[in-house]
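In: Here is a sequence with its predicted model. Questions after.
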Amino acid sequence: MDLLGTSINAAVVAAVGALLAWLARGRFDAVERRIDRLETRLVGTETRLDGRIDGMELHLDGLATRLDGLGTRLDGRIDRLEVKVDGRFDALQSSMDAMRSDLTQVALAVGVRPRAQND
């Protein structure tokens, strides 16, 4: 009788185990399919993002090139302005030197004595 009870218990445990394995397998298959779909979507999203990032890199490279060109143009304009300002200062200095020379000649002509110099 014990052998019969043990056999029945073993058969029930085996049947429940097989049923649980079958149910779990179906559940795991569903989870695996869902993960596969998510991976597929992720790969598609990654590809789209790679394309957009590449486009942004090209756009930024273009902007950098434009900024370099603008910087070069600005450097040229500043250099030309510096040459103009230097020329005007040189002309002003020449004019002041000539005026000083003329004033010295006038002062000497009217009889002004040179100032004593502090050595």
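Out: Good, I have the coordinates. Everything numeric in this text was worked out from a predicted model, so none of it was measured.
In: In terms of secondary structure, what does the strand or helix carrying Ala14 contact?
Out: Per DSSP states H and E: Ala14 is located in helix 2-109. Using 3 or more C-beta pairs under 8 Å, 6 or more residues apart in numbering; DSSP states H and E, no helix or strand is in contact with helix 2-109. C-beta: built from backbone N, CA, C; applies to glycine.
In: starting at the chain centroid, how far to that helix?
Out: With C-alpha atoms, centre = their mean, to the nearest Å as the basis, helix 2-109 stands 6 Å off its chain's centre.
In: for stretch 110-119, same thing?
Out: Between the centre of stretch 110-119 and the centre of its chain there are 68 Å (C-alpha atoms, centre = their mean).
In: what's next to it, contact-wise?
Out: Outside stretch 110-119, not one residue touches it by C-beta atoms under 8 Å, 6 or more residues apart in numbering.
In: then that stretch to PDB, C-alphas only?
Out: Output of stretch 110-119 as PDB, limited to C-alpha atoms (Å, rounded to 0.1, in the frame of the first residue of the first chain):
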ATOM      1  CA  VAL A 110      61.200 137.900 -32.000                       C
ATOM      2  CA  GLY A 111      64.200 137.500 -29.700                       C
ATOM      3  CA  VAL A 112      63.000 135.000 -27.100                       C
ATOM      4  CA  ARG A 113      65.900 133.500 -25.300                       C
ATOM      5  CA  PRO A 114      66.100 129.700 -24.800                       C
ATOM      6  CA  ARG A 115      65.100 128.500 -21.400                       C
ATOM      7  CA  ALA A 116      67.700 127.200 -19.000                       C
ATOM      8  CA  GLN A 117      67.800 123.500 -19.100                       C
ATOM      9  CA  ASN A 118      68.000 121.400 -15.900                       C
ATOM     10  CA  ASP A 119      70.800 118.900 -16.400                       C
END
